[in-house]
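Peer 1: I'd like to go over a predicted model; first the sequence, then the structure.
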Amino acid sequence: MNQELSSSAQRVQEYLVARGLESRVVELPDSTRTAPEAAQAVGCQVGQIVKSLIFRAKHSGRGVLVLASGANRVNETLIEALIGEPLGKADADFVRQQTGFAIGGVPPVAHANPMLTYIDQDLLQYAEIWAAAGTPHAVFRLSPQELISLTDGKVVEIAQQPHN
Ligand code: 5CA
């Protein structure tokens, strides 16, 4: 039986089909707006949730996509060293303009403007990971290798070391 997806989730599903992925977008009654909520809703570890974070490079103004494990805080200094310029945090309008999606449902793929992409190496320890699929109630499951090939992202160490 086909359940109808909301239009943003449908856009992500169509992208996955076009790229030959078997993944199916699922819309859940519970919120998947944050990584802990998404982990709770699908019943996985928070580290298996892909956070799709948009940054704005300060000098060039370009968007940078960081795909981080839900368990990690991003070390922005490391990303700045990789791109060679300082980062500013993107505001909600910039996120929508770059991705075509609203915060809380930003998927790692199917963006309006494809961006330079970095992938958290900590995601590679899991057989399966889950990412947002366009809305704060939609997710899809994939493997880390599929995430790499879909996004053409560079796998790097992203996590900030705990302070204590
Ligand atoms: N659906 C979940 C799990 S996949 C999700 O989208 N999580 S997330 O972490 O990728 O997206 C939430 C992120 O949006 C936050 O970590 C934060 O970086 C960003 N964010 C939240 N509020 C704002 C805001 N007002 N301006 C800019 N970015 C924001």
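Peer 2: Looks like it arrived, so ask away. Just so it is clear, the model here is predicted, and its values are computed rather than measured.
Peer 1: So the longest strand belonging to the chain, near the ligand or not?
Peer 2: Scanning the chain for the strand with the most residues, using DSSP state E, yields strand 49-57. Yes - contact of strand 49-57 with the ligand (Cβ under 6 Å from any ligand atom) involves I49, V50, K51, S52, L53. Every residue, glycine included, has its C-beta placed from N, CA and C.
Peer 1: Narrow those to those that are buried.
Peer 2: By neighbour count, with 16 or more other Cβ atoms under 10 Å, the residues of strand 49-57 next to the ligand hold I49, V50, K51, S52, L53 as buried.
Peer 1: The ligand: which of the residues you listed is nearest?
Peer 2: K51 (3.5 Å; Cβ to the nearest ligand atom).
Peer 1: wait, the closest one sits on A71?
Peer 2: No - K51 is not in contact with A71 according to Cβ atoms under 8 Å; the separation is 9.4 Å.
Peer 1: Give the residues shared as contacts by the two.
Peer 2: Common contact partners of K51 and A71 (Cβ atoms under 8 Å, 6 or more residues apart in numbering): A35.
Peer 1: From the chain's centroid, how far away is stretch 36-52?
Peer 2: On the basis of Cα atoms, centre = their mean, to the nearest Å, the separation between the geometric centre of stretch 36-52 and that of its chain is 12 Å.
Peer 1: what comes up buried for that stretch?
Peer 2: 37-39, 41-42, 44, 46-52.
Peer 1: Give me the mean pLDDT for that stretch.
Peer 2: Across stretch 36-52, pLDDT averages out at 98.
Peer 1: which residues does the residue positioned nearest the centre of the chain form a beta bridge with?
Peer 2: When Cα atoms, centre = their mean is applied to the chain, the residue found nearest the centroid is S52 (2.4 Å). Beta bridges link S52 to L67, judged by DSSP bridges.
Peer 1: Packing partners of the longest helix seen in the chain?
Peer 2: Longest helix in the chain by number of residues (criterion: DSSP state H): helix 7-18. Judged by 3 or more Cβ pairs under 8 Å, 6 or more residues apart in numbering; DSSP states H and E, the packing partners of helix 7-18 are strand 138-142.
Peer 1: No further queries at this time; thank you.
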